[in-house]
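[1] Provide a 3D model corresponding to the input given below.
(2 chains, ligands or ions: 2)
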Amino acid sequence: MTDKSPLFEFKDVHVEVEGKEVVKGVSLKIFAGEIHAIMGPNGSGKSSLSNALMGHPMYSITKGEAYIKGESILEMESDERSRAGMFLAFQYPLAIPGVSVANFLRAALKSHRGEDADMSDFRSLLKKEMAELSIDPAFATRYLNDGFSGGEKKRIEILQMSILNPSVALLDETDSGLDIDALKTVSAGINRYHDDSKGILLVTHYQRLLNYIKPDHVHVMSDGKFIKSGGPELALKLEDEGYDWIVNQTTVGA
Amino acid sequence: MKQNPEFLINEMTPHLHRGPDWLKAMRRSDRLGFNEAELPPRGIHLWRYTDPIRFMMDIDTATDADFTGALDAVVKAEAEHVKEGRLAALVTDRGGRDIDVQISPAGLPQGVIIGSLSDASESNFDLVKEHLYQMINRKSGKFEAMNGALWNDGIFIYVPDNVVIEKPVHLFREAGGENSATFPRLLVIVGRNAEVTLIDEYGGGSPDRNKGISFSNGAVELFGSEDSRTRYVSLQRYAPAMNSYFTHRAKLKQNATMLTIPLVFGGELCKQSFGVELAGAGADSKMYGLLFGSNRQHFDNHTLHHHSAGKSTSDIDFKVVLKDRALSAYTGLIRIDNKARTCEAYQENRNLLLNPGTRAETIPELEILNEDVSCSHGATLGPIDEESIFYLKSRGIERNEAVRMIVGGFVQSTFKLVPEDLKDRLSDFVATRLETI
Ligand SMILES: Nc1ncnc2c1ncn2[C@@H]1O[C@H](COP(=O)(O)OP(=O)(O)OP(=O)(O)O)[C@@H](O)[C@H]1O
Ligand SMILES: [Mg+2]
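    Ligands and ions are numbered 1, 2, ... in the order given. This is a model prediction of the structure:
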C-alpha cells in the first residue's frame, strides 16, 4: 500500500483560550509510522494545540483545518475524535473521584467497540497491560488519578493508550514527572504501541525521552508558531544550546 | 384529604385512645402540644424554603389507607432474603396498622426484641416508657407533636447488652395511596457494647397528584448505650404525590458510635430532620446522606450534631444531585456546648446541579460555645465540571454516559457504606434517575 495521504494532518490552525490567541497558524502532516516531536519554551502553545485538537471546550480552533485519515475532525465531538482514532495523553490528567480505573477503561473500550468487552477478556487485557507498564494491579480498583502521584498519572495515561490502541497519539509531556526507571518503562510502552500504522506527536522539553523514542521530525514551537523543523539532530542542538539561537534567528530573519 | 391551616386534633380521634394509660396520657399531651402550637412562621429559619401549611393535613378528611400493592414485589424479595439469612429480620409496617415480623431461620440472639410498639408498650412497659417521647415530643415542634398524638402502631427494637445482630434488620414502612395519612414511629434501644444495622425504608403513597396527595409524618428515636455500634439507613422512596415530614433523633452515650445514612429519593415535598446528640465522651456520629431529586421535587433537610459531652466526634457529608426543576435546601447545625471540650465536628454539603433550573440552598449553622474544638464546614454547588466531562469524552465516552459515570462516582463514597443487601436496589434507583439525562 502506498501511503501518500497523511494519517493525521492540520493546516494553519489558530487556537484561542480565554479570548487570547495562543496558537497562531500551525500546520503539520503526520504519515503512518512517523514520530514527530514538538519542543518549545513554556507557554509557547504546545498544550493548547494538543487540547484544541482533541476538542477541549476551553480551547477553540478559530481558524484552520484538521483531518484524521482524510476525515475532518473539527465538527466532531471529542468522543467522536477518540473513536475516529485520536488519543491525547494529558500533561495534567484530572482525577475522577468514585470512578475506578478498571470501570473507566471498560466504558472507554465499550464506546470504541460498540459493545461490552467480555469481562474475563477485559480483565486479562488489563492485567497484561498493567504488568507491561509496571503498574501495581491494585490501581485497577483505585479511583482514576485520585491521589495518584505525577508519575503514576502519566503511566495510567499510557495504559489508556495501550488499551484503546489509537491511530494517532498526542503525548503531552508524558515524560515529565517520571523517574529514570519509569521513563524507561513508559518509553518501552510507547514503543510497543507504535508500529508503521500509527502516528505519534509528542511534546517534550527533554532530549532524554528522545533517546528512547526516536522522532523522525522535530518542530520548535515559539509564541504559537512552529519556527523551525528538522530531524532528530535538532533536539540535540536544543538540548545543548537552548531556544535563544532559533528565536533570535527567526526574529532577525523576520 | 384537605390542607387546613386551622386544623386541630379532635379529642375523639381514635388514635388518642390506643395503648396503656401512660401512653394515652402522652398522646393527649402531644395533642395539646399540636393544637396549642402556632404554625411555624413562614420564611424564618428552618421554614425559609417550605410552607408549613403543606403539612397541615386535615386528617379527619383522610380516607383509610388503601395499599396500592406497588411494593409487594419488594417485600417478597426481601422476605426471600430473610429466609436465605441475608437479613436478620424483616418488619413490615402497613400504615401503622399491621406490624408483621419475619425472622431468619437462624433466629435472633437471646433477648432481642423486634416487634410492634403497641405490644412492647404493654409487655416491656418500663423500657418503652423510659425512652419513647424522650427526644421527640411536643417540645420538638408542632409536627413532632402531631406524630406523637396520632401514631397508630410503630416498631420497637431492643438489642440487649453485649448482643450483636450480624445481619441487617429491614424495616419496611408502606404508606397508603391518595388521600391517606400515616404516622410511622420507631423506637430503637441498643444496649451496652451491642451492635445492630437497620434499614428503615419508607415507600408507597399516592402516585398521582391529580387523584389526591398522600401525607406521612414520621418519628424515629434511637438510643445508643455505652460502647454500642449502630448503623441506621433511612431510605425515603415515596411515590411522586407524597408530602412527607420526618424527624429523627438519636442519643449516644460514652464511646457509642453511630453511622446514619439518609437516602432521599421520593415524594413531591419532603422535609426531614436528622439529629444526633453526642452525650458521652468518645461518642462518634457519622452522617453520610445522599439525595437525588428530579422533576419538581422539593426537599428540605436538616442535620444536627449536638455535642453535649467533651471528646466526642462527628462528621457529616450530605450529597445532593438535582435535575429538571428539583430543589434542595440543606441546613446543617453543629452545636457544641460550653462544657463539651476537645470535640471534633465536620460537615460538608455538596450539590451537583445537572441542569439549569435546579436550585440548591445550603445553610451551615455553627453554635460553638467553647474554643477548644476542631470544627469545619464546607459547601459546594454547581454543575459537573466540563473538564471532567471532556476527559471522559476524550476517551470515546459519549457525553451522557460521561455525566452518568461522574454522578455515579460522586455518590460512590456513600454507596460504599450502604449494607450489601441494599446496594443493588440503590444502584437501580440512581440508574433510573440518570436514564433520562
Ligand atoms: N486555560 C487557560 N486559561 C488561560 N490561559 C491559558 C489557558 N491555557 C493556556 N493558556 C495560556 O496560553 C499560553 C500557552 O499555554 P500552553 O499551556 O499551551 O503552553 P505550553 O507550550 O504547553 O507550555 P508548557 O511547556 O509550560 O506546558 C500561555 O500563555 C498560557 O498562559
Ligand atoms: Mg504544556
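[2] Quote the end-to-end distance of stretch B:368-387.
    Stretch B:368-387 has its terminal residues 38 Å apart, counting by Cα to Cα, to the nearest Å.
[3] what does stretch A:91-110 give?
    Stretch A:91-110 end-to-end distance (Cα to Cα) = 25 Å.
[4] Can you give the distance of that stretch from its chain's centre?
    Put simply, stretch A:91-110 sits 17 Å off its chain's centre (Cα atoms, centre = their mean, to the nearest Å).
[5] Now do whatever residue of the stretch 51-200 of chain B ends up closest to chain A against B:Val169, distance only.
    Nearest to chain A in the stretch 51-200 of chain B, going by Cβ to the nearest Cβ, is B:Ile199, at a distance of 22.4 Å. For the C-beta atoms, the positions are set from N, CA and C on the backbone; glycine is no exception. Distance of B:Ile199 to B:Val169, computed by Cβ to Cβ, to the nearest Å: 7 Å.
[6] B:Ala329 now?
    Using Cβ to Cβ, we find B:Ala329 at a distance of 31 Å from B:Val169.
[7] Settle it for me: which of these two has more neighbours?
    B:Val169 (26 against 20; other Cβ atoms under 10 Å in any protein chain shown).
[8] Write down the beta-bridge partners of the more buried one, one by one.
    B:Ala89, B:Leu198 (DSSP bridges).
[9] contacting residues for it?
    B:Val169 makes contact with B:87-91, B:114, B:157, B:196-199 under the criterion Cβ atoms under 8 Å, 6 or more residues apart in numbering or on different chains.
[10] try B:Ile261
    Here B:Ile261 is in contact with B:231-234, B:287-290, B:414, B:417-418 (criterion: Cβ under 8 Å, 6+ apart).
[11] Any idea how many residues pack against the residue of the stretch 51-200 of chain B closest to chain A?
    24.
[12] Helices along chain B, start to end?
    B:21-36, B:72-83, B:117-123, B:125-131, B:142-150, B:386-393, B:399-415, B:420-434 (DSSP state H).
[13] returning to what we had before: isn't the residue of the stretch 51-200 of chain B closest to chain A right up against B:Val233?
    Yes. Using Cβ atoms under 8 Å, B:Ile199 is in contact with B:Val233, at 4.8 Å.
[14] Please list the residues of chain B that sit near chain A.
    B:386-388, B:390-399, B:401-402, B:405-406, B:408-413 (Cβ under 8 Å from any Cβ of the partner chain).
[15] follow-up on the earlier one: which of the helices of chain B has the lowest average pLDDT?
    Of all the helices of chain B, the segment with the smallest mean pLDDT is helix B:420-434, scoring a mean of 89.
[16] which other residues reach that one?
    Applying Cβ under 8 Å, 6+ apart, the contact partners of helix B:420-434 are B:74, B:81, B:86-87, B:167-168, B:170, B:199, B:233, B:235, B:237, B:263, B:265, B:292, B:294, B:321, B:323, B:403-404, B:407-408, B:411, B:415, B:418.
[17] where does chain A dip in pLDDT?
    A:1-3, A:250-254 (pLDDT under 70).
[18] residue contacts, the residue of the stretch 51-200 of chain B closest to chain A?
    Going by Cβ under 8 Å, 6+ apart, the list of residues near B:Ile199 reads B:168-171, B:233, B:235, B:419, B:421-422.
[19] Redo those residues as JSON lines? Include distance to ligand 1.
    Shown next, in JSON lines, are the contacts of B:Ile199 (distance: Cβ to the nearest ligand atom, whole Å):
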{"residue": "B:Pro168", "distance to ligand 1": "48"}
{"residue": "B:Val169", "distance to ligand 1": "52"}
{"residue": "B:His170", "distance to ligand 1": "50"}
{"residue": "B:Leu171", "distance to ligand 1": "51"}
{"residue": "B:Val233", "distance to ligand 1": "42"}
{"residue": "B:Leu235", "distance to ligand 1": "42"}
{"residue": "B:Pro419", "distance to ligand 1": "44"}
{"residue": "B:Asp421", "distance to ligand 1": "46"}
{"residue": "B:Leu422", "distance to ligand 1": "42"}
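[20] Lowest pLDDT pick from those?
    B:Asp421 (87).
[21] List, one by one, the residues from the stretch 1-150 of chain A near ligand 1.
    With Cβ under 6 Å from any ligand atom as the criterion, the stretch 1-150 of chain A comes near ligand 1 at residues A:17-18, A:22, A:40, A:42-48, A:58, A:91.
[22] from these, which are also near ligand 2?
    A:46-47, A:91 (Cβ under 5 Å from the ion).
[23] can you pull the alpha-carbon coordinates of stretch B:186-194 into CSV?
    This file holds the C-alpha atoms of stretch B:186-194, laid out as CSV (Å, rounded to 0.1, in the frame of the first residue of the first chain):
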residue,chain,number,x,y,z
LEU,B,186,-39.9,3.8,65.6
LEU,B,187,-38.1,3.3,68.9
VAL,B,188,-34.7,1.6,69.0
ILE,B,189,-32.6,0.9,72.1
VAL,B,190,-29.1,-0.5,71.6
GLY,B,191,-27.6,-1.9,74.8
ARG,B,192,-24.1,-1.6,76.0
ASN,B,193,-21.5,-3.0,73.6
ALA,B,194,-24.3,-4.1,71.4
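[24] Now find how far off-centre it is within its chain.
    With Cα atoms, centre = their mean, you get 17 Å for stretch B:186-194.
[25] Now render the helices of chain B as a markdown table, adding mean neighbour count.
    Shown next, in a markdown table, are the helices of chain B (neighbours: other Cβ atoms under 10 Å in any protein chain shown):
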| stretch | mean neighbour count |
| --- | --- |
| helix B:21-36 | 17 |
| helix B:72-83 | 14 |
| helix B:117-123 | 19 |
| helix B:125-131 | 15 |
| helix B:142-150 | 24 |
| helix B:386-393 | 21 |
| helix B:399-415 | 19 |
| helix B:420-434 | 15 |
